[in-house]
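# Here is a sequence together with a model predicted from it:
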Amino acid sequence: MKRFWHAREFSTVAILVAEVLFFTWYLWPEAGRDHSFVTKENFLLIFKYSSIYGIAAIGAAIVIISGGVDLSPGAVIALTTVVTGYCFVQLGWPLWASASAGIAVGALAGLVSAWLIVRVGLPAFIATLGVMGIWRGTAFIVTQARFFDLSAQLPANWHVVGVSIDWLGPIVMIGLAGVFQILTTQYQWGRGVFAVGGNETAALFSGIPVNRIKTSAYVLSGLLAAVSGVVLAIVQGQGKADLATGYELDIIASAVVGGASLAGGRGSVAGAVLGALIFGVLRNALVQIPGATFYDRLIVGVVVIVIVVMDQLLLRRQAKL
Amino acid sequence: MKRFWHAREFSTVAILVAEVLFFTWYLWPEAGRDHSFVTKENFLLIFKYSSIYGIAAIGAAIVIISGGVDLSPGAVIALTTVVTGYCFVQLGWPLWASASAGIAVGALAGLVSAWLIVRVGLPAFIATLGVMGIWRGTAFIVTQARFFDLSAQLPANWHVVGVSIDWLGPIVMIGLAGVFQILTTQYQWGRGVFAVGGNETAALFSGIPVNRIKTSAYVLSGLLAAVSGVVLAIVQGQGKADLATGYELDIIASAVVGGASLAGGRGSVAGAVLGALIFGVLRNALVQIPGATFYDRLIVGVVVIVIVVMDQLLLRRQAKL
Amino acid sequence: EVGKEPAKRTLRFALIPKALDIPVFGYANVGAQRKARQIGGVEVIYHGPERADELKQKEILESFIAQKVDGIAISVLNADFLTSTIDRAIAAGIPVVTWDSDAPKSKRIAFYGVDDYKSGQIMGEEAARLLNGKGTIAFLTSAGANNLQRRLDGAKDALAKFPGIKIVDTFDIQEDSVKCAQFIATGTNRYPNLGAWISVGGWPVFTANALTPVDPKKTKFISFDTNPPAPDLLKAGKVQVLLGQKYFGWGSESVRLLHEIVNGKRPANPIIDSGVDVVTADNVEAYLKMWKTMEGGG
Amino acid sequence: MALLEFHDVHKSFGAVRALRGVSFAVTAGEAHACIGENGAGKSTLLKILAGIVRPDRGEVRLNGEPLHFNRPREALARGIGMVFQERLAFPNLTVAANIFAGREIVGRGGRLDEAAMRARTRALLDDLHLPIAPDVRMEHVSAAHAQLVQVARALAFDCRVLVLDEPTTSLTDGEVDQLFRVLGKLRAAGVTLLFVSHRLPEVFRLCDQITVLRDGACVGTFARAGTTPDAMVRAMVGREPPERRARPAAAAGAAPALAIRRLSRRPWFQDVSIDVRPGEIVGLFGLVGSGRTELLETVFGLARAEAGTLAVGGTPASFRSAREAARAGLAFVPEDRQRLGLFFNLNLRHNLALPRAVKRGAIRLDEREEAGLAQAQIDRLSIRATSIAQMPDALSGGNQQKLVVGKWLATDPTVLLLDEPTKGVDVGAKFEIHNIIRGNAARGMACLIVSSDLPEVLAIADRIVVMREGRVRGELPGAGATEEAVMSLAAHSAS
Ligand SMILES: Nc1ncnc2c1ncn2[C@@H]1O[C@H](COP(=O)(O)OP(=O)(O)OP(=O)(O)O)[C@@H](O)[C@H]1O
Ligand SMILES: Nc1ncnc2c1ncn2[C@@H]1O[C@H](COP(=O)(O)OP(=O)(O)OP(=O)(O)O)[C@@H](O)[C@H]1O
Ligand SMILES: [Mg+2]
Ligand SMILES: [Mg+2]
């Protein structure tokens, strides 16, 4: 228990809970209507859409902890939906094969970034910025600005072992978050990621395989972006080049709101997923507030800042405990 | 002369020249048609549209040298066009007054970022990410997703003291680049910016007013983004909330291609402007190659990477000299 | 079962545009709010994605379904993408009408507007008419947006019937009206003798500056959208043809339809063709007068 | 037989020839010292041994077989442990994680065995008498303690060869004793030591063999028995050491240039009162953690005092920033050159010119004047650099230290605060720095010098103030003060 109160993620959880409670109160229905925010259906919705950011944010967090940054996830997500769609619709491959192809491409994309950063020695920001253009562009060329419609070939309201396909995203997100939370906190590889992010020279001198660790971080980032792309393609039923445009910043923001520091060496996978949920709840709630649409951007901006400030205050608090 | 060959900007100039020569050759017209790339009009065009990125890139470079990053210029540009448009169209202020209002708002925007980063102590990335949402959102609220049409009230093809208004952007860009190149290289303030970016604690211990310097960097970034916003409002004849969406990345890329390092302490104002021109030439040339605009993203992505790699090679070269 | 129970409490209708940053949709909101006031007891919630992001639009649609609004009127960014979701809404007892852009395969109860493909064809034919069947044409579009793609297809198919017409290039402005202006300027340098520009979106006609480089004597200009300042450009001779839709009607008609449906009255024919306004020098004055009354709230 | 052999090792960095054919042997089980001036090539040699730097020519042999490392891992695998001169800590990780970084103890299924690592860390820290918990994050560990943690890192793994590059630079005799006790145990266990230090007494105390490097070449290897410190100094410098500059004693009656009155900043120091008169050099001694650094930082306006007053040249002062302090004629050479002293993105000229520009409130910069000033400092402190356009990271540790001293001396301060000013500086240079300080003092500069190097304090100070646990515990005249007397005041056992 004590460990939880002291966990880095505690403050993020606290903020998420506070947010949900606030909107539960704010969106309390007038008499005669039932609550439109706290319903199983709506929470599934929040999870379903947050998972698109959340799964990729796991990879973003790993990269950021290792002292880098990845601007390509948005583009990789789009490319993956396109590749999956192409294999499934155009080539008529089975879904699992198409999905694997998509994920493979994502991992490859990550490998390219890693190569540019580790071998060629480019700054992560500029390397992944270039790569982002390359993958987005490739996706457009493959689709010729059209799209692949998987939904036609996929069962209408698809249930796997009695569970709606809508749960795919949330389940994958939570599963992966668990796995990588453990890998980053309890295994040597994760310790290495933190060490490299904390002081690269020291890591090198300590005999930590710096290059291999950095490579693994970017490959994972590409891979996880691809997973969220595949989930997107299956759940939403389309492969399209302009999907997830600009999501890279939302994804990084999720990781940062979840405690990752772009200075490197600090952050948490679980926190990143919680960060994605914080934004998911916000997007969902704003739709329920008449006239909010023009205020969306403003509010999200304010919330990002407020959360990070609150987070810092809570951390100081903790430090005192 | 020797100094030029050794100047940090040399490699960027070399790349720009190489690029222009390449497209001059590549776009050589078939017999009977005159050249559509190497013409006075076309170069003016390149400068005119590059200046929108270039002016803001000056501020981005200063912030990056000081060890920070600013994601808000795109939003500040949009907000400035909206404010200028609002004052000019809605309130019927004279253009100079409307422009000043726009620039004032930009400086204010920079001040807000500075306050969040210097006083509240937020990481620059997340603070400016939030601020970006706030200003873009404000622009949307002001326009209610419509736009202000300045063009109707502006003289048709407008000449000031015999010079077409199209020269406004280029002249402002080159003038400001000159001023800030000198300020950053030959004045104590500029040295301070480099020092803070290089080692903030050491700067503090050396008696450099770290907070004042960081504040000045972000205020200038906002101010210069606002200037390019005013230029855009006049060039485009619109005040519109979705203008310059995503430009923040192009602007940062310009600074980085121009030699700025996101690790801080390295970079050049002149280089940033040259970087903006490198992209401007590219965008212009792609329009002249049938079908190329669909490959735009891909090509720009590749070019970013190629340029930075070439830049590094050229620098190694220099080091040897 | 749809719309069985009579409406006592205020009805909450959702009006979902393709994107907020496309100016014309603002007028749909104006029309909808006005109609809501006329009818009374109706609240219109206008909410859309900031940019044309079909994923965010779907999230918004699903969210409205989850909060069980009394009706949804949506301009569909991507028909196949939303069909199943629209059907879910219907199944959940929420009436859905589409406007401006349809989802024909879905169970939506009605559609008000014109088919993008058809309006694209009209643009092509108008261009051919202006060029007397021969000359060069350049297109302006923004890759990724389906409605624009369908207009583009329509126009290109229409032009295919004219062997004398050659399409020199199709420019992707990437949802950036500044790029659009730049492309027009650069394109004019590149193709000095261009016959006509066709813009499947309104970007170039929302400012006088974008068209400055174009010489009307040499090059014709055809664009979508007729909201100010577009008609002034037409009067100034910079533009020859504008295609307008029933911007205010999008909102008012949708609200009217939803209200009737909730009260048990389904439209006889699900497809309600709003028709397009083909605005040229001849009818521009009339059109402006009509616009004034529309915006003024007649 | 020779366990470790350097054979004709060459290494150049661009124009700089760091090593030009170094050859010597280290026999198993012995403690071997490697000494030389700053920039002689010691660290480079050791980095080659550790597989971090690749030699241009020549080879290193372990048990007669040549080593061809291209990764630090391999050196570690061969049982070569290393304590580097640069501070190499992971500020974001705990002390335990720092100590095991790269070689974590893993349990079943490759999971980290935190408990085991924590326990082992405890043992190591106790062994070195380090009062820090394994779970505190490294960023909260003070400079000196951090250095001992680096040593603990190397001790954590039973290595056959332990290489220490200036491990004692910020340690006081107390900690040094603990360290040497531990090293003694290792030797008994048959571990071979390769030890680099500029503190000759330590060298003679620990090592049986001493190899001297000069300008990247090997002068020779001497047995401790057959040589003397002076002989070693001559061998290193290649000439007679400079004369200790004499100077008039400070005017006794003069009003203090710096008057610290009952200054407090808990938890670091309380109720500290010190006077420094013009022309006087006051040594401030204390064990690590006695709060000296914090005291100087507070005086220099880098932190607020809770209570107490300051007076500079008789006029009361309370500085809100280093800038104000510098303008009032103060200068502060900080303890940690890497973190607090240098700008690695600026060349030597800009580094050296910065504080004076700050002090003068310069607006526009005069390149030529800067160049003159920089060159002057480089000559004055004989900083080993190819040009004033060089970057600091190309300089050897000691030369970097001189750089920090130089940039502050360039402001011609009236009050000079020094925190471990000769940390990692070679004997000759230390002499030069002392002479410069004396020279300025003779011209009326007041100087407050923190040093953990007791002989240095005794050598230079007119007066020695001793701090313990943040309080002034006593004061001794420089002349005639003995190490015992000072230590008895500083050590916790006393009083
Ligand atoms: N990375 C580098 N680039 C260029 N020159 C270097 C580099 N590292 C060391 N040098 C040069 O090599 C020479 C030897 O450096 P080294 O650090 O080995 O000296 P040292 O004996 O350790 O000195 P100190 O006692 O001050 O630590 C110095 O002249 C230094 O300037
Ligand atoms: N950044 C820090 N965070 C927390 N405690 C610190 C920090 N720096 C120093 N301390 C503690 O403050 C006390 C004084 O630190 P410091 O080692 O600087 O004293 P000192 O007398 O200057 O010793 P030395 O100068 O020899 O290192 C020590 O107990 C140290 O552990
Ligand atoms: Mg050394
Ligand atoms: Mg200290």
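Looks like it arrived, so ask away. Computed from a predicted structure; not experimentally measured. Ligands and ions are numbered 1, 2, ... in the order given.

# now stretch D:223-239, how far from the centre of its chain.
The chain centroid and the centroid of stretch D:223-239 are separated by 22 Å, computed with CA atoms, centre = their mean, to the nearest Å.

# Now the helix or strand containing residue C:155: average pLDDT?
According to DSSP states H and E, residue C:155 maps onto helix C:146-160. Helix C:146-160 comes out with an average pLDDT of 93.

# I'd like the average pLDDT over the helix or strand that that helix is followed by.
Downstream of helix C:146-160, the next assigned helix or strand under DSSP H and E is strand C:165-172. Confidence for strand C:165-172, expressed as mean pLDDT, is 94.

# which other helices and strands contact whichever helix or strand comes after strand C:165-172?
Per DSSP H and E, the first helix or strand lying C-terminal to strand C:165-172 is helix C:177-190. Helix C:177-190 sits against helix B:40-65, helix B:210-236, helix B:269-287, strand C:135-141, strand C:165-172, strand C:196-199, with contacts defined as 3 or more CB pairs under 8 Å, 6 or more residues apart in numbering or on different chains; DSSP states H and E. Any C-beta I mention is one placed from the backbone N, CA and C, and that applies to glycine too.

# one more time with 10 Å, if that's ok
helix B:40-65, helix B:210-236, strand B:238-240, helix B:269-287, strand C:135-141, strand C:165-172, strand C:196-199 (3 or more CB pairs under 10 Å, 6 or more residues apart in numbering or on different chains; DSSP states H and E).

# Residue numbers of the stretch 151-298 of chain C in contact with chain A?
Within reach of chain A by CB under 10 Å from any CB of the partner chain, the stretch 151-298 of chain C has these residues: C:152-153, C:170, C:172, C:174-175.

# Show me what counts as buried in stretch D:57-70.
Neighbour-count burial for stretch D:57-70, with 16 or more other CB atoms under 10 Å in any protein chain shown as criterion, is recorded at D:58, D:60, D:62, D:67, D:69.

# Distance from it to the middle of the chain?
Offset of stretch D:57-70 from its chain centre (CA atoms, centre = their mean): 30 Å.

# Convert the C-alpha atoms of that stretch to CSV, please.
Extracted in CSV, the C-alpha atoms of stretch D:57-70 (Å, rounded to 0.1, in the frame of the first residue of the first chain):
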residue,chain,number,x,y,z
ARG,D,57,49.4,2.2,-32.1
GLY,D,58,50.9,-0.2,-29.6
GLU,D,59,49.0,-2.5,-27.3
VAL,D,60,48.1,-3.4,-23.7
ARG,D,61,48.9,-6.9,-22.5
LEU,D,62,47.2,-8.7,-19.6
ASN,D,63,49.1,-11.8,-18.5
GLY,D,64,51.1,-11.5,-21.7
GLU,D,65,48.1,-11.7,-24.0
PRO,D,66,47.2,-8.5,-25.9
LEU,D,67,43.9,-6.9,-25.2
HIS,D,68,41.9,-5.6,-28.1
PHE,D,69,38.9,-4.0,-26.4
ASN,D,70,36.4,-2.1,-28.4
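
# what comes into contact with that stretch?
Residues outside stretch D:57-70 that contact it (CB atoms under 10 Å, 6 or more residues apart in numbering or on different chains): D:1-12, D:19-23, D:25-26, D:28, D:45, D:48-55, D:74-80, D:160-161.

# Looking at the residues you listed, which are in helices?
Here DSSP state H is the test, and the contacts of stretch D:57-70 give D:45, D:48-49, D:74-77 as lying in helices.

# Could I get the contacting residues of the residue of the stretch 201-321 of chain A found nearest ligand 1?
Distance from ligand 1 to each residue of the stretch 201-321 of chain A (CB to the nearest ligand atom) is smallest for residue A:201, at 11.6 Å. Shown in contact with residue A:201 (CB under 10 Å, 6+ apart): A:210, D:52, D:84, D:86, D:88.

# pretty sure the second one is in contact with residue A:204, am I right?
Yes. Taking contact to mean CB atoms under 10 Å, the distance of 7.5 Å between residue D:52 and residue A:204 places them in contact.

# Overlap of the contact sets of these two?
Common contact partners of residue D:52 and residue A:204 (CB under 10 Å, 6+ apart): D:71-72.

# Closest residue of the stretch 101-250 of chain C to chain A?
residue C:144 (3.2 Å; CB to the nearest CB).

# and that residue, what does it touch?
Per CB under 10 Å, 6+ apart, neighbours of residue C:144: A:78, A:139-140, A:143, A:145-147, A:240-243, A:245, C:52-54, C:77-78, C:172, C:174-175.

# before we move on, the earlier item: buried only: go through the contacts of stretch D:57-70 for me.
By 16+ other CB under 10 Å, the contacts of stretch D:57-70 give D:3-7, D:9-11, D:19-20, D:22, D:25-26, D:45, D:48-53, D:55, D:75-76, D:78, D:80, D:160-161 as buried.

# Establish whether the helix holding residue C:155 and chain B are in contact.
No. Applying CB under 10 Å from any CB, one finds helix C:146-160 out of contact with chain B, separated by at least 12.2 Å.

# Over to stretch C:122-136?
No. Using CB under 10 Å from any CB, stretch C:122-136 stays clear of chain B, coming no nearer than 11.3 Å.

# What residues of that stretch count as buried?
Using 16+ other CB under 10 Å as the test for burial, stretch C:122-136 gives C:122-128, C:130-131, C:135-136.

# what about the residue lying closest to residue D:407 once chain neighbours are set aside, neighbour count?
Sequence neighbours aside, residue D:352 is the residue nearest to residue D:407 in space, at 4.8 Å (criterion: CB to CB, 6 or more residues apart in numbering or on different chains). By other CB atoms under 10 Å in any protein chain shown, the residues close to residue D:352 number 28.

# Look up how far chain A lies from residue D:352.
25 Å (CB to the nearest CB, to the nearest Å).

# What is the nearest of the residues of the stretch 151-298 of chain C next to chain A to chain D?
For these, the residue nearest chain D by CB to the nearest CB is residue C:174; the value is 36.4 Å.

# Many thanks, have a good one.
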